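# The amino acid sequence is not available; the structure is as follows:
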């Protein structure tokens, strides 16, 4: 069990006030807060050994290189990757997926080929494949979402076929909270000779992920959703797959030897990392991984399951509130998107913010799912992390009730027109 | 309903009764069949939409207005308030009102006669205290402007720059990008 009262002390921002109230931060699916250990790692780098990596023989450069590559090892360990050579630094999940779209997709897809994603993708795992299939003449296919928020796998063999070259799915939906059966989907992809990619932006921060057990060929996630800084993310590429890929960007650090008219490429993973990388943030992400591993991802997940069950239980009696996503916590993460018919999510979000409660409102970068499957322009969403408490969920639910009352005309102090 | 120490009194500045009334019962909501001017705008940050149709009479005054959309109370009430204001105005007057409204939203203090020209839409002034919501209030107005400019380009092409064909990508100055 997590000692939440104790670990909250590590997060300075949780002690600030918003509109005169203690902050209740329930927008963790958008980005997480950072513990002081992670913030300190950035300060230590810039104050103590700021230097470029992989160049120069001086002490600072060696220290920076060691810490930077050590962070890569930590991430590899965290994902149970076979080696750190499989870990490519990128800016975020979106860049990781774009890297695959460019170096694998554009190079390999042909007319008649098919790419399969799901109806619950974040734009990050939809738009790149729209563009790549358009450019190559390939076709984009969708695995449908059922009304209970789970994928409809009943006709999977008509969607994933011998023409399929890639199956790319979101591991945990940032709107529905659904945790998709990635092992099963990976098997279905490999059976027809396709590659398998996982958008793990919402899963790696919240539960143990083992890329070898999952048997994915690519997996991408962002550091900032898992206690790390913004601007650093990870693309995991399976060793057998990575060797066949050409570089993404060209320039310094990604080359072995350069002539005036040509160049040869560096080893993996540096082949994909042109230019001075995001050294400080990579090192700080390594510290975030240390922090999560010290807590234990099993306990992080158990805490979020408990919080989410509690939130669903507290929201259930509210007749005005429609909650989306599966009810079974075995297939759901700590995301609770909801709608209050007649009251727009932005209005709810503004009201809750008045009481220091941060929730997300909008389409959550999943416009097709929100518009075409939920039939809405926007939803409101509370999402939890390891530092949230049941008391915070009480504050959220109570504030939500007051906000619903407010917009339905109850409790308005000074109706002016 | 409200517990001690908690209330939404600050919100009353934003959600004036008249705004909630226009949200619940939007005016001029019927779509016009053969309008002189037709325009559609989208706020890509939040998905809010606004569709506007105008018919002009023989003297160039707005005879009929239709405004539809979906989105938050601020964006939809703003469109409804605007629709009431547009009736009987010329294209030039409508452009001037849009400019006045934009200035008000950007925090510029309007003179009393200027505020009077905005009529009931002046109640949206409270939105200024909630900067992230300013673009909600502006959606219908910027959509209108796009339509007016498009009309102008058709009527006297040499006077205006080419525009992108009636779809506003919400070029908002002074606001902030919001919901991704």
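Received it, and whenever you're ready, just let me know what you need. Keep in mind the model is a prediction, meaning the values are calculated, not measured.
# List the contacts of the nearest residue to residue A:142 once chain neighbours are set aside.
Spatially, and ignoring its direct neighbours in sequence, residue A:142 is nearest to residue A:119 (5.2 Å; C-beta to C-beta, 6 or more residues apart in numbering or on different chains). (Glycine included, C-beta is placed from N, CA and C.) Taking C-beta atoms under 8 Å, 6 or more residues apart in numbering or on different chains, we find residue A:119 in contact with A:142, A:143, A:144, A:145, A:368, A:369, A:372, A:373.
# For whatever residue of chain A ends up closest to chain B, what are phi and psi?
Of chain A, the residue with the smallest distance to chain B, taken as C-beta to the nearest C-beta, is residue A:362 at 3.1 Å. Backbone dihedrals for residue A:362, given as degrees, to the nearest 10, come out at phi 140, psi -160.
# Let me know the secondary structure of the nearest residue to residue B:34 once chain neighbours are set aside.
Once its chain neighbours are removed from consideration, residue B:34 has its nearest residue in residue B:55; the separation is 7.6 Å (C-beta to C-beta, 6+ apart). With DSSP: H, G, I helix; E, B strand; the rest coil as the basis, the three-state label of residue B:55 is strand.
# I'd say the residue of chain A closest to chain B and residue A:346 touch.
Yes. Using C-beta atoms under 8 Å, residue A:362 makes contact with residue A:346 at a distance of 7.5 Å.
# Give the ranges of residues in the stretch 301-417 of chain A that sit below the confidence cut-off.
Segments of the stretch 301-417 of chain A classed as low confidence (criterion: pLDDT under 70) are A:410-417.
# all helices for it, in order.
In order along the chain, the stretch 301-417 of chain A carries the following helices (DSSP state H, counting those that start in this stretch): A:345-354, A:367-368, A:390-407.
# Including mean neighbour count and distance to chain B, could the ones you listed go into a markdown table?
Compiled in a markdown table, these are given as follows (neighbours: other C-beta atoms under 10 Å in any protein chain shown; distance: least, C-beta to the nearest C-beta, whole Å):
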| stretch | mean neighbour count | distance to chain B |
| --- | --- | --- |
| helix A:345-354 | 24 | 4 |
| helix A:367-368 | 16 | 7 |
| helix A:390-407 | 20 | 4 |
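# TSV please, covering these and showing distance to residue A:231.
Conversion of the helices of the stretch 301-417 of chain A to TSV gives the following (distance: least, C-beta to C-beta, whole Å):
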stretch	distance to residue A:231
helix A:345-354	26
helix A:367-368	25
helix A:390-407	28
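# These: which one's closest to residue B:118?
Closest to residue B:118 of these, according to C-beta to C-beta: helix A:345-354, at 22.4 Å.
# contacts for the closest one?
Applying C-beta under 8 Å, 6+ apart, the external contacts of helix A:345-354 come out as A:18-19, A:339-340, A:358-362, A:378-380, A:396, A:399-400, A:402-404, A:406-407, B:8, B:10-11, B:14-15, B:46, B:71-74, B:130, B:132-133, B:136, B:179.
# Straight-line length of stretch B:94-113, end to end?
With C-alpha to C-alpha, to the nearest Å as the measure, stretch B:94-113 spans 16 Å from end to end.
# Stretch A:206-217 too?
The first-to-last residue distance of stretch A:206-217 comes to 21 Å (C-alpha to C-alpha).
# for the record, mean pLDDT for that stretch?
Averaged across stretch A:206-217, pLDDT comes to 98.
# Flag every buried residue along that stretch.
For stretch A:206-217, the neighbour count (16 or more other C-beta atoms under 10 Å in any protein chain shown) marks A:206, A:207, A:208, A:209, A:211, A:214, A:216, A:217 as buried.
# Over to stretch A:373-388?
Neighbour-count burial for stretch A:373-388 [16+ other C-beta under 10 Å]: A:373-374, A:376-388.
# circling back to that earlier point, could you count how many residues lie near the residue of chain A closest to chain B?
Applying other C-beta atoms under 10 Å in any protein chain shown, we find 25 residues neighbouring residue A:362.
# contacting residues for residue 84?
Unless you meant another one, I'm taking chain A. Applying C-beta under 8 Å, 6+ apart, one finds that residue A:84 lies in contact with A:69, A:72, A:73, A:75, A:76, A:269.
# that's the wrong chain, I meant chain B
With contacts defined as C-beta under 8 Å, 6+ apart, the neighbours of residue B:84 are B:27, B:28, B:119, B:120.
# Please list only the buried members of these.
Neighbour counting by 16+ other C-beta under 10 Å classes B:27, B:28, B:120 among the contacts of residue B:84 as buried.
# Neighbouring strands of the longest strand along chain A in the sheet, and parallel or not?
Selection of the longest strand in chain A by residue count, based on DSSP state E, yields strand A:164-170. Each strand paired with strand A:164-170, and its direction, by DSSP bridges: strand A:114-118 (parallel), strand A:195-199 (parallel).
# which residues sit against the last one?
Contacting residues not belonging to strand A:195-199 are listed as A:93, A:97, A:100, A:104, A:121-122, A:124-125, A:165-171, A:182, A:185-186, A:189-190, A:214-221, A:241 [C-beta under 8 Å, 6+ apart].
# now, which of the residues you listed lie within strands?
Secondary structure assignment by DSSP E places A:165, A:166, A:167, A:168, A:169, A:170, A:218, A:219, A:220, A:221 of these in strands.
# Take those residues and write them to CSV, including neighbour count.
Below are those laid out as CSV (neighbours: other C-beta atoms under 10 Å in any protein chain shown):
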residue, neighbour count
A:165, 22
A:166, 26
A:167, 29
A:168, 29
A:169, 25
A:170, 30
A:218, 26
A:219, 28
A:220, 31
A:221, 27
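# was I right about residue A:374 contacting residue A:325?
No. In terms of C-beta under 8 Å, residue A:374 does not count as a neighbour of residue A:325; the distance is 10.3 Å.
# which residues do those two both contact?
Where contact means C-beta under 8 Å, 6+ apart, the residues bridging residue A:374 and residue A:325 through contact with each are residue A:175.
# Pick out whichever of the buried residues of stretch A:373-388 sits closest to residue A:47.
For the buried residues of stretch A:373-388, the closest approach to residue A:47 (C-beta to C-beta) belongs to residue A:387, at 26.7 Å.
# ranges for the helices of chain B?
In chain B, the helices defined using DSSP state H lie at B:11-14, B:17-24, B:73-86, B:91-105, B:112-118, B:134-155.
# how many neighbours does residue B:113 have?
Counted with other C-beta under 10 Å, the neighbours of residue B:113 add up to 7.
# Please name the residues that touch it.
Residues in contact with residue B:113 (C-beta under 8 Å, 6+ apart): none are found.
# Quick check: it vs chain A, distance?
Look at residue B:113 and chain A: by C-beta to the nearest C-beta, to the nearest Å, they are 21 Å apart.
# again, but for residue B:79
13 Å.
# wait, what's in contact with that residue?
Contact analysis of residue B:79 by C-beta under 8 Å, 6+ apart lists B:26, B:50, B:52, B:67, B:69, B:139, B:140.
# cool, and residue A:378?
Applying C-beta under 8 Å, 6+ apart, we find residue A:378 in contact with A:344, A:345, A:346, A:361, A:362, A:363, A:370, B:46, B:47, B:48, B:71, B:179.
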